[in-house]
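**Student:** The following block contains a protein sequence and its predicted model.
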Amino acid sequence: MGSLLLALLAFAISGTAFWQVRRMSASHRRTRDWPTITGRIIHKSITGEGRRFRALVAYSYTVDGVEHTNDKIGRIGLSYGPQNSIQAFVDRLPDQPHVHYNPADPMESYLFDPPKWLAWVVPTMALFALFVGFVWLSDAIGSA
């Protein structure tokens, strides 16, 4: 019974990881051709408590003579981490970052693409969890 529960847990983790891969892929396809423009940081700080902090960044940029502001840092969402890591990230932000913006809706923008290695790590984790799930499932079937 224990192996069966572990197998189900591994399959749930694998399914979640595959869902994340699909979400990241769709986001990449939608934004890969967005142009970039030089923006200006208007606010940067961090917030959080304990070991869970996140960056708060606001920036402005001008497209076709119209100034826009946004606070979306990454294409795939918020990143959390320890205070020293998040503070170091905020401190390294340039005063004039490159802003990726949607040409069809210039109010939609972000500063950074996710790291390239993430495109390999998440699918690898999903496949590993799927493999482990099948191992535990075969153990549960074999001991039944």
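**Tutor:** That came through, no problem.
**Student:** low pLDDT regions in this structure?
**Tutor:** 1, 24, 26-27, 29, 76-78, 114-119, 144 (pLDDT under 70).
**Student:** can you rerun that using 80?
**Tutor:** Within the chain, the ranges that satisfy pLDDT under 80 run 1, 20-21, 23-32, 75-79, 113-123, 140, 142-144.
**Student:** What ranges does it have for its strands?
**Tutor:** Using DSSP state E, the strands found in the chain span residues 36-38, 40-49, 52-63, 66-70, 80-81, 98-102, 105-110.
**Student:** Pick the most buried one from the ones you listed.
**Tutor:** Neighbour counts (mean count of other C-beta atoms under 10 Å) averaged over each of the strands of the chain peak at strand 98-102, with a mean of 19. Where C-beta positions appear, they are placed from N, C-alpha and C, glycine not excepted.
**Student:** other SSEs contacting that strand?
**Tutor:** Using 3 or more C-beta pairs under 8 Å, 6 or more residues apart in numbering; DSSP states H and E as the contact test, the elements touching strand 98-102 are strand 36-38, strand 52-63, strand 105-110.
**Student:** Between strand 52-63 and that strand, find me the angle.
**Tutor:** Relative orientation of strand 98-102 versus strand 52-63 (axes from the mean of the first three to the mean of the last three C-alpha atoms, to 10 degrees): 70 degrees.
**Student:** so which of the helices and strands packed on strand 98-102 comes closest to Lys72?
**Tutor:** strand 105-110 (4.5 Å; C-beta to C-beta).
**Student:** how distant is the longest helix seen in the chain from the center of its chain?
**Tutor:** Using DSSP state H to define each element, the chain has its longest helix at helix 2-31. Put simply, helix 2-31 sits 14 Å off its chain's centre (C-alpha atoms, centre = their mean, to the nearest Å).
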